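from the sequence below, what's the structure:
(chains A and B)
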Amino acid sequence: MAAQDHLDRWLDTALNEYSNAEAPLGFELRTIARLRDQRSAKYRSRAFRLAAALTVAIAVVLALRWSHAPIASPPLVQARIVVPAIEKVSFISPAPKARRNAAHESVRGVPIVATPLTPQEEAILRVGRNAHARQLAFAPPVRRDLTQPQDPLDIQELDISPVGKEE
Amino acid sequence: MRDGGNVLAVRLWTKTSDETALETCVREHGSMVYRIAFSVLRNPHDAEDAAQETFLRALRSGKLTDVTDSKAWLAKIAWRIALDHRRPAGVAIDAIAEPISQLPDAENELLRAERTELLHQLILSLPRELQDVITLSTVQELSGADVAVILGIPEASVRTRMHRARALMKEKLETRLRSRSAERS
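Numbers count the residues shown, from 1 in each chain, chains lettered A, B, ... in the order given. As a prediction, this is how the structure comes out:
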């Protein structure tokens, strides 16, 4: 019985001592410092991830905006409409001006149509026509003997004065 | 936007309070966590590493404000980490005590170291389920209820296993003493 008590006491003592170890000096401080390090590392990691996500988001937004820019830009469309109209007007405008000048230079108000002749040639032709017409108008009527057969090739020559020496 | 800011502020406040609470826990339960780790690992350096890892894991889990019994929660984490760190080939018993020359009463410490070594051998000879109960019950800060929570068994089972473990150890100790006295005679 005494031996059993002795064994019980021995066991109690040994069990009490078994895990009765004091933590090393500065254990708590070292643990808290490690926890703070871990926390700051976690915050740094979070900040880095946030910055990376923001950069990606900004890049995506800018890329989307640039891809739609040519369709949405109004100044370029206006330029395309206006510029050809100006070119057309400036190109065609000399032609009517030339015609107006021709009408002013026309003789006796007779309108002059577009012709391949030069103005000098036109003037010569006009003078010739007018002189012939005047001669026909003032020429004495030729009496024809209608009983005699007519020769179609018998053309009576007219006396036409040279150009510039008209009456 | 204002609601989002409030939510963020609340979360930040909760985080800060969580970390402050954890630092309080280190001061309050640090030695208990260290002893649990030491009871399994039997080495001061390994025990300190395991204890620090316990608090780091608690910080990472972020559930400190939700835990009702932080002591049992930390003890459970410490127990699991210590088991993970335990070397499979057994424990070096020479690492239990500090160098004898540095201690005030060398003779007492020598006796103590011998006792601890013998008890350690007795514990290792027990079945695994009894080993766990007797190891945890040696930690002063843990009651039978705490041991039951850590191991996930009823408190009555803890008492039964403790009784069985003690009986087995006493039996083995008695056998050893008899054989030693027979050797002497």
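
now A:Ala21: phi and psi?
phi -110, psi 130 (degrees, to the nearest 10).

and the closest residue to it other than its chain neighbours, which of the three is it?
Leaving aside its sequence neighbours, A:Ala21 sits nearest to B:Phe38 (CB to CB, 6 or more residues apart in numbering or on different chains; 4.7 Å). Using the backbone N, CA and C atoms, a C-beta is placed for each residue, glycine as well. What DSSP: H, G, I helix; E, B strand; the rest coil gives for B:Phe38 is helix.

stretch B:40-54: how far from the chain's middle?
When C-alpha coordinates are averaged (CA atoms, centre = their mean, to the nearest Å), stretch B:40-54 and its chain have centres 9 Å apart.

report the buried residues of that stretch.
By neighbour count with 16 or more other CB atoms under 10 Å in any protein chain shown, stretch B:40-54 contains the buried residues B:40-44, B:46-48, B:50-54.

repeat that for stretch B:144-156.
For stretch B:144-156, by 16+ other CB under 10 Å, it's B:Gly144, B:Asp146, B:Val147, B:Ala148, B:Val149, B:Ile150, B:Leu151, B:Ile153.

what sits against the first one?
What that stands for is B:Gly144. B:Ser137, B:Glu155, B:Val158, B:Arg159, B:Met162 (CB atoms under 8 Å, 6 or more residues apart in numbering or on different chains).

how far away is the second one from B:Ala145?
In this structure, B:Glu155 and B:Ala145 are separated by 5 Å, where distance is defined by CB to CB, to the nearest Å.

what parts of chain A come near chain B?
Residues of chain A lying close to chain B (CB under 8 Å from any CB of the partner chain) are A:3-4, A:7-8, A:10-11, A:13-24, A:27-28, A:30-32, A:34-35, A:38-39.

still on that earlier bit, give me the buried entries from the contacts of B:Gly144.
Applying 16+ other CB under 10 Å to the contacts of B:Gly144 flags B:Ser137, B:Val158, B:Met162 as buried.

tell me the centre residue of chain B?
Nearest to the geometric centre of chain B sits B:Ile36, at 1.3 Å (CA atoms, centre = their mean).

pretty sure that residue contacts B:Ile81?
No. Using CB atoms under 8 Å, B:Ile36 is not in contact with B:Ile81; the gap is 9.1 Å.

between the buried residues of stretch B:40-54, which sits nearest chain A?
The nearest member of the buried residues of stretch B:40-54 to chain A, counting by CB to the nearest CB, is B:Gln52 at 5.0 Å.

what residues are up against that closest one?
Contacts of B:Gln52 (CB under 8 Å, 6+ apart): A:Arg30, A:Thr31, A:Arg34.

now name the helix or strand holding the first one.
Mapping A:Arg30 onto the secondary structure by DSSP states H and E places it in helix A:27-72.

what average pLDDT does that helix get?
Mean pLDDT, helix A:27-72: 85.

please name every helix or strand in contact with it.
helix B:2-41, helix B:44-61 (3 or more CB pairs under 8 Å, 6 or more residues apart in numbering or on different chains; DSSP states H and E).

after the shortest one, next one along is what?
For helix B:44-61, the following helix or strand on the C-terminal side (DSSP H and E) is helix B:70-85.

dump that following helix to PDB, restricted to CA.
The C-alpha trace of helix B:70-85 is given here as PDB (Å, rounded to 0.1, in the frame of the first residue of the first chain):
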ATOM      1  CA  SER B  70     -10.400  32.100 -27.500                       C
ATOM      2  CA  LYS B  71      -8.400  30.000 -25.000                       C
ATOM      3  CA  ALA B  72      -9.800  26.700 -26.300                       C
ATOM      4  CA  TRP B  73      -9.600  27.900 -29.900                       C
ATOM      5  CA  LEU B  74      -5.900  28.800 -29.500                       C
ATOM      6  CA  ALA B  75      -5.200  25.600 -27.600                       C
ATOM      7  CA  LYS B  76      -6.700  23.600 -30.400                       C
ATOM      8  CA  ILE B  77      -4.600  25.300 -33.100                       C
ATOM      9  CA  ALA B  78      -1.500  24.900 -31.000                       C
ATOM     10  CA  TRP B  79      -2.200  21.200 -30.500                       C
ATOM     11  CA  ARG B  80      -2.600  20.600 -34.200                       C
ATOM     12  CA  ILE B  81       0.500  22.600 -35.200                       C
ATOM     13  CA  ALA B  82       2.600  20.800 -32.600                       C
ATOM     14  CA  LEU B  83       1.400  17.400 -33.900                       C
ATOM     15  CA  ASP B  84       2.300  18.500 -37.400                       C
ATOM     16  CA  HIS B  85       5.800  19.500 -36.200                       C
END
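
touching chain A at all, whichever helix or strand comes after that helix?
Next along the chain after helix B:70-85, taking DSSP H and E as the criterion, comes helix B:106-124. Yes. Interface with chain A: helix B:106-124 contributes B:Arg112, B:Arg115, B:Thr116, B:Leu118, B:Leu119, B:His120, B:Ile123 (CB under 8 Å from any CB).

relative to A:Ala123, how far out is the residue lying closest to the second one once chain neighbours are set aside?
Think B:Arg115. Nearest non-adjacent residue to B:Arg115, counting by CB to CB, 6+ apart: A:Ala14, 4.6 Å away. Using CB to CB, A:Ala14 is found at 146 Å from A:Ala123.

again with B:His120
Taking CB to CB, one finds B:His120 at 140 Å from A:Ala123.

which one's more surrounded, these two?
Neighbour comparison, B:His120 and A:Ala123: the larger count goes to B:His120, with 18 against 14 (by other CB atoms under 10 Å in any protein chain shown).

where are the low-confidence patches of chain B?
B:1-19, B:63-66, B:88-104 (pLDDT under 70).
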